[in-house]
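*Asks:* sequence and computational prediction follow.
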Amino acid sequence: MNLFSRRLLDLLPWAYSGSGSPAVSEERRETRLSIAAYEYPRTLVWAAGVLLLMTVITSIGELTHDNSGHSLLTHINDVLVAIVLLTTAWVLHTEFIPREQRAWVFAIPAVLLIWSLLWQVTIEGSALNYTYAMFVLIGFGPTSLAAKPYLVGAGLTVGAAILLAIYGPIGQAADWIIVSLTAAGIGAILLRIRLQSIISLADATALAKELATQDQLTGTLNRHGLLEHLPDLWATAGRFNEGVFVAFIDIRGLKRANDRFGHDYGDSLILAAAEKAQACLRGGDLLARWGGDEFIVVGIGTLDDAERFARALGATGSDDEISSQMGGLSIGLAAGSPGRDSIEDLTSRADEDMYRRRTLDESRGDQ
């Protein structure tokens, strides 16, 4: 595919399939569906309100003229279409329809409204309603928030509009065919722009969430991110009647390393400690940077599982930079029950255990 073809494809509304990782695409999809779920009922209510208002205004204007059967027929049609719009809005608001299918449900009354306006052209012989129908078609694009329902609806609408232009009473068929195709194209462009804005919103939201929950130096969870994930871990442990443990890790001598070699070097030691701890995790364990030189690991299991993690961490090497330039890594452990102990309780106990172990190691070193 050449460059021109790729650029052209990027302009089409259905090119919004999402790109990047599955997580990114899912975030964009969820954002779009959430916006659509909020907007669809309100859009239909507004459309019904405008339709009824126009019906009232034209009815008042006709009081000074002889009413014809055609006018009464169009007013009845407008009221019936408004009822369909309001009913669909209620259905979408009550969430009977799965979110993935709501764009198709939204498209049905939208196409019905456009068809009703085109039908009124054949009743009244005026091109004004044809123009109204094209305006609705343009608005259908960005409000649909979904490419396929819009393309199907626009295709059906344009087909009916072309037939009306050729066989209807308004004349100048070629001009009206161009108008209908142009309206469908403008709707598609506006839809594309709207979807691109949703992509930007979803990406900005995901970035803000990541910055709020992830430590930017090490890529691990930060304290806020850990607290956000803990309810799921606590619930899983409780469901299977398992315990939970906390391993509290402290990098000894980090301040001394920062003072002697600079903060960039200190950052490299923090990153090395995070990588060591990450390498010792089991699936499902959570690692977070708790403070400047502190990490904690939270997992499902007993104190024996915590001890196994501590031994694995201690076996990752004793002659590396962390051990040679500073005092190494100190670790404290605590275990408990998710129904009885909070993360604050376990962290406090693990912190105390870390200081107890460090004091014991220092006393042994002095002997």
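*Replies:* Nice, thanks for sending it over. Keep in mind it's a predicted model, so treat the numbers as computed, not measured.
*Asks:* hey, C-alpha coordinates of stretch 338-348 in PDB?
*Replies:* Output of stretch 338-348 as PDB, limited to C-alpha atoms (Å, rounded to 0.1, in the frame of the first residue of the first chain):
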ATOM      1  CA  PRO A 338      -7.200 -10.500  54.900                       C
ATOM      2  CA  GLY A 339     -10.300 -10.500  57.200                       C
ATOM      3  CA  ARG A 340      -8.300  -9.400  60.200                       C
ATOM      4  CA  ASP A 341      -5.200  -7.400  59.100                       C
ATOM      5  CA  SER A 342      -5.100  -4.300  57.000                       C
ATOM      6  CA  ILE A 343      -2.200  -3.300  54.800                       C
ATOM      7  CA  GLU A 344      -1.200  -0.700  57.300                       C
ATOM      8  CA  ASP A 345      -1.000  -3.300  60.100                       C
ATOM      9  CA  LEU A 346       1.100  -5.700  58.000                       C
ATOM     10  CA  THR A 347       3.400  -3.000  56.700                       C
ATOM     11  CA  SER A 348       4.100  -1.700  60.200                       C
END
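*Asks:* not counting it itself, show me its contacts.
*Replies:* 226-227, 230, 234-235, 237-238, 242-246, 248, 290, 296, 298, 334-336 (Cβ atoms under 8 Å, 6 or more residues apart in numbering). For glycine as for every other residue, the C-beta is placed from the backbone atoms N, C-alpha and C.
*Asks:* could you do stretch 96-103 as well?
*Replies:* Stretch 96-103 is touched from outside by Leu33, Ala36, Ala37, Tyr40, Val91, Leu92, Val105, Ser144, Leu145, Ala146, Lys148, Pro149, with contacts defined as Cβ under 8 Å, 6+ apart.
*Asks:* and with 7 Å instead?
*Replies:* Residues outside stretch 96-103 that contact it (Cβ atoms under 7 Å, 6 or more residues apart in numbering): Leu33, Ala36, Ala37, Tyr40, Val91, Leu92, Val105, Ser144, Leu145, Ala146, Pro149.
*Asks:* do the same with stretch 180-196
*Replies:* 11, 13, 16, 134, 137-138, 140-142, 144-145, 147, 150, 154, 158, 161-162.
*Asks:* now the buried members of the contacts of stretch 338-348.
*Replies:* 226, 230, 234, 237, 243-246, 248, 290, 296, 298, 334-336 (16 or more other Cβ atoms under 10 Å).
*Asks:* from those residues, which ones fall inside strands?
*Replies:* Val244, Phe245, Val246, Phe248, Ile296, Val298, Ala334, Ala335, Gly336 (DSSP state E).
*Asks:* so in terms of bridging, what pairs with the last one?
*Replies:* Note on Gly336: beta-bridge partners Val244, judged by DSSP bridges.
*Asks:* report the contact partners of it.
*Replies:* Gly243, Val244, Asp345, Leu346.
*Asks:* closest to Leu52 among these?
*Replies:* Leu52 has its nearest neighbour among the contacts of Gly336 in Val244, at 59.7 Å by Cβ to Cβ.
*Asks:* residue contacts, the closest one?
*Replies:* Trp234, Ala237, Val298, Ile300, Ala335, Gly336, Pro338, Leu346.
*Asks:* adding pLDDT, write the residues you listed out as a markdown table.
*Replies:* As requested, the contacts of Val244 are arranged in a markdown table below (pLDDT from 0 to 100):
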| residue | pLDDT |
| --- | --- |
| Trp234 | 92 |
| Ala237 | 92 |
| Val298 | 95 |
| Ile300 | 95 |
| Ala335 | 95 |
| Gly336 | 93 |
| Pro338 | 89 |
| Leu346 | 93 |
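*Asks:* farthest pair within those residues?
*Replies:* Checking those with Cβ to Cβ, the most distant pair is Trp234 and Ala335, at 13.6 Å.
*Asks:* residues near the nearest residue to Lys276 once chain neighbours are set aside, how many?
*Replies:* Leaving aside its chain neighbours, Lys276 sits nearest to Thr316 (4.8 Å; criterion: Cβ to Cβ, 6 or more residues apart in numbering). Using other Cβ atoms under 10 Å, Thr316 has 17 other residues around it.
*Asks:* picking up where we left off before, as JSON lines, the contacts of stretch 96-103 with pLDDT would be great.
*Replies:* As requested, the contacts of stretch 96-103 are exported to JSON lines (pLDDT from 0 to 100):
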{"residue": "Leu33", "pLDDT": "92"}
{"residue": "Ala36", "pLDDT": "93"}
{"residue": "Ala37", "pLDDT": "93"}
{"residue": "Tyr40", "pLDDT": "95"}
{"residue": "Val91", "pLDDT": "94"}
{"residue": "Leu92", "pLDDT": "94"}
{"residue": "Val105", "pLDDT": "96"}
{"residue": "Ser144", "pLDDT": "95"}
{"residue": "Leu145", "pLDDT": "94"}
{"residue": "Ala146", "pLDDT": "94"}
{"residue": "Pro149", "pLDDT": "95"}
